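Peer 1: Give me a 3D structure for the following:
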Amino acid sequence: MGWDWYFKPKPRKPANGIKAQSKKFGQTWWSGKWLAALERLVDPARLSRGRSYARSGQVLNLDIQPGRIASGVQGSRPRPYKVKIEIKPLSEKEWNRVADAMAQQAIFAAKLLAGEMPQNIEEAFAVAKVTLFPTSRGDLKTDCSCPDYSNPCKHIAAVYYLLGEQFDSDPFLLFRLRGKTKDEIMFMLRARRVQHAIAEEEDAVAITELPVVEEPSEPLVVDPDRFWHGPGELSDFRTTVAAPAIDAAPIKRLGAPKFWQGKQDFVLLLTRAYQAISQAVIASK
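Peer 2: Below is the predicted model of the structure:
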């Protein structure tokens, strides 16, 4: 008997595969939650090979749609393997319950609009009696056309890791998997805020309009020599410096400019710069 059966061919190197942009997967807490679900389902050896595939660019594409992800992964054979990952979308009733719970917290809309996932967003899903992240094997259906008997295999793991990296830069992809786009979620939240404001106005006690009393204003002192001078010294002018509630919110809302050609994530780079500048200014006070 020869040793051919033991030979493990190396995967072919595709020309335009998707490579992981960072050494560490799961830069944010929400992508970390996503990857934690995978690590509960896959044995360590396949996880290691999946990370290697993700870093070397073996994943050819990612097609993310409500409830499913389709991908091609280049293995050792000429034809790429077809990978499918399915997660059950929430029903319209379930999403309405989630939106009702989210509308109770103004910070949710503010952070989501800035491209951040609120730390306690899972509370809104818990109130609606659903989950945002997969918590058990039954929450996910995975399939790969490779001959590996294990499911999930290393090809599925590679796609899963790259999805986690995609979630780092766009947490709304998680919602899309569950059946709602960013615009749909923001519309639901705004609609509920408007309804809440109308209800408060209707419940409020009517305020009697008071007559407007015009008081004569004192004319300014005509003194051209003092026009460019204030009443006090600039040293008397006090300012307060504090860390923002949401780091680099304008950058996260605007996203990367069209002219950006760098290999690194534009938003991530500027967010780190904003954080460093804020910390330096606060430390100098």
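Peer 1: Got phi/psi on the residue sitting nearest the centre point of the chain?
Peer 2: The centre of the chain sits closest to Pro171, judged by C-alpha atoms, centre = their mean, with a distance of 2.0 Å. Phi and psi for Pro171, reported as degrees, to the nearest 10, are phi -60, psi -20.
Peer 1: Using the three-state scheme, assign Ser217.
Peer 2: coil (DSSP: H, G, I helix; E, B strand; the rest coil).
Peer 1: What of Lys141?
Peer 2: Lys141 - assigned by three-state DSSP - is strand.
Peer 1: what bridges to the closest residue to it other than its chain neighbours?
Peer 2: Take Lys141 and drop its neighbours on the chain: the residue closest to it by C-beta to C-beta, 6 or more residues apart in numbering is Glu86, 4.1 Å away. C-betas here are computed from N, CA, C, even on glycine. Beta-bridge partners recorded for Glu86 (DSSP bridges): Arg68, Lys141.
Peer 1: can you pull the contacts of Glu86?
Peer 2: 67-69, 140-142 (C-beta atoms under 8 Å, 6 or more residues apart in numbering).
Peer 1: one more time with 7 Å, if that's ok
Peer 2: Residues counted as contacts of Glu86 (C-beta atoms under 7 Å, 6 or more residues apart in numbering) are 67-68, 141.
Peer 1: which among those residues gets closest to Gly57?
Peer 2: Using C-beta to C-beta, Arg68 comes nearest to Gly57 of the contacts of Glu86, at 22.8 Å.
Peer 1: Pick the one among the contacts of Glu86 closest to Gly262.
Peer 2: Nearest to Gly262 among the contacts of Glu86, with distances taken as C-beta to C-beta, is Arg68, at 31.3 Å.
Peer 1: For Ala45, see how far away the closest one is.
Peer 2: As judged by C-beta to C-beta, to the nearest Å, Arg68 and Ala45 stand 27 Å apart.
Peer 1: So for the two, which residue has more residues nearby?
Peer 2: Arg68 (15 against 10; other C-beta atoms under 10 Å).
Peer 1: Could you report the separation of that one from Asp183?
Peer 2: Arg68 is 20 Å from Asp183, by C-beta to C-beta.
Peer 1: now the strands for the protein?
Peer 2: Along the chain, counting by DSSP state E, strands occupy 59-65, 68-73, 81-87, 140-144.
Peer 1: Specify the stretch among those strands that is closest to Ala248.
Peer 2: strand 59-65 (24.6 Å).
Peer 1: what's the closest one in contact with?
Peer 2: 14, 17-18, 53, 69-74, 80, 158-159, 162-163, 166, 173, 176-177.
Peer 1: Can you flag the buried ones in these?
Peer 2: For the contacts of strand 59-65, a neighbour count by 16 or more other C-beta atoms under 10 Å gives the buried set as 14, 17-18, 53, 69, 71-74, 80, 158-159, 162-163, 166, 173, 176-177.
Peer 1: Can you tell me the closest non-neighbouring residue to Asn151?
Peer 2: Using C-beta to C-beta, 6+ apart, the closest residue to Asn151 is Thr142 (5.9 Å).
Peer 1: among the strands of the chain, which is the most enclosed?
Peer 2: Mean neighbour count (mean count of other C-beta atoms under 10 Å) peaks for strand 68-73 among these, with a mean of 21.
Peer 1: Residues contacting it, please?
Peer 2: 53, 58-63, 80-86, 155, 158-159, 163.
Peer 1: related to what we said a few turns ago, so how far is Gln105 from the residue nearest to Lys141?
Peer 2: Counting by C-beta to C-beta, the separation of Glu86 from Gln105 is 30 Å.
Peer 1: Equivalent analysis for Pro14, please.
Peer 2: Counting by C-beta to C-beta, the gap from Pro14 to Gln105 is 44 Å.
Peer 1: before we move on, back to that, just the closest of the contacts of Glu86 to Phe266, please.
Peer 2: Nearest member of the contacts of Glu86 to Phe266, counting by C-beta to C-beta, is Arg68, at 28.7 Å.
Peer 1: Could you list the low-confidence segments of the chain?
Peer 2: 1-9, 15, 113, 115, 196-213, 220-221, 230-237 (pLDDT under 70).
Peer 1: got the domain boundaries for it?
Peer 2: 9-89+136-169, 91-129+173-203, 241-284 (automatic domain parsing).
Peer 1: Tell me how far the closest residue to Gly262 other than its chain neighbours lies from Ile246.
Peer 2: Among residues not flanking Gly262 along the chain, Leu269 sits closest, at 7.7 Å (C-beta to C-beta, 6+ apart). According to C-beta to C-beta, Leu269 stands 17 Å off from Ile246.
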